[in-house]
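Colleague: any chance you could fold what I've pasted below:
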Amino acid sequence: MTRIKVIIPAYNEAESIANVINDIPTSVDEIIVVSNNSNDDTEINAKKAGATVLTEANKGYGYACLKGMDYIANQEKKPDIIVFLDGDYSDYPEELTKIVDPIINDNIDFVIGARVKRLREQGSMTVPQIFGNWLATSLMTLFFRAKFTDLGPFRAIKYGKLLALNMEDKTYGWTVEMQLKALKHKFTYTEIPVNYRNRIGISKVSGTVKGAIFAGIKILGWIFKYSIKK
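Modeller: Below you'll find the model as predicted:
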């Protein structure tokens, strides 16, 4: 049986985290919520919903993901697949089965949940998000002939392949780093269209000018770094 673990970085997602956990298919072996310096009831609500809860004091999406990976690395039984999912309930966790299917049935290494326009709730992605996704994926196509259309955080990857990427970004560049390194390692990959809705609460990245600017700088920095190395 395929062993699947889910890592959910969460910063002050008390209102949404239980919804996310409850909608994840029961085929998942373990749900790991990494509270990224939350000061609300995120940790309490996640535990009540049945998740393993870790804490990461250093703020940053990548810090939280790396904390989850470190926890898994110290377990005796390793998973086959790692799924990354946000804690804001903007994705549909029940679609996890669609995300992992190409890995299980077609031996694909890496799958992105693509937030295509026809499946997005109005207002669920901001104008800076939409433009940033278009720019980043267009540059990856230009420099690396990539076929990505989104930097969607809902994604699945074979555990061994994830370790091979040697992930290092601590903040906003985590998603694009993973995609660029997957290209560099010549992993097989695909995108699966997923539904996307307005998140519960305010985004800590796209919901602020500072967050949007820093995310953009990080994403473009990773792309140009790899284009120079090419």
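
Colleague: ok, Asp150 to Ala182 distance?
Modeller: 14 Å (CB to CB, to the nearest Å). From N, CA and C alone the C-beta is placed, and that goes for glycine too.

Colleague: all helices for this protein, in order.
Modeller: 17-23, 42-48, 61-73, 96-106, 127-144, 159-165, 174-184, 209-229 (DSSP state H).

Colleague: output these in CSV, with mean neighbour count appended to each entry.
Modeller: Output for those, formatted as CSV (neighbours: other CB atoms under 10 Å):
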stretch, mean neighbour count
helix 17-23, 21
helix 42-48, 20
helix 61-73, 20
helix 96-106, 17
helix 127-144, 16
helix 159-165, 17
helix 174-184, 23
helix 209-229, 16
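
Colleague: need the ones you listed in JSON lines (columns: distance to Val6 and mean pLDDT).
Modeller: Listed next are these as JSON lines, based on distance: least, CB to CB, whole Å; pLDDT from 0 to 100:
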{"stretch": "helix 17-23", "distance to Val6": "9", "mean pLDDT": "98"}
{"stretch": "helix 42-48", "distance to Val6": "12", "mean pLDDT": "98"}
{"stretch": "helix 61-73", "distance to Val6": "9", "mean pLDDT": "97"}
{"stretch": "helix 96-106", "distance to Val6": "7", "mean pLDDT": "98"}
{"stretch": "helix 127-144", "distance to Val6": "23", "mean pLDDT": "89"}
{"stretch": "helix 159-165", "distance to Val6": "12", "mean pLDDT": "98"}
{"stretch": "helix 174-184", "distance to Val6": "16", "mean pLDDT": "94"}
{"stretch": "helix 209-229", "distance to Val6": "23", "mean pLDDT": "69"}
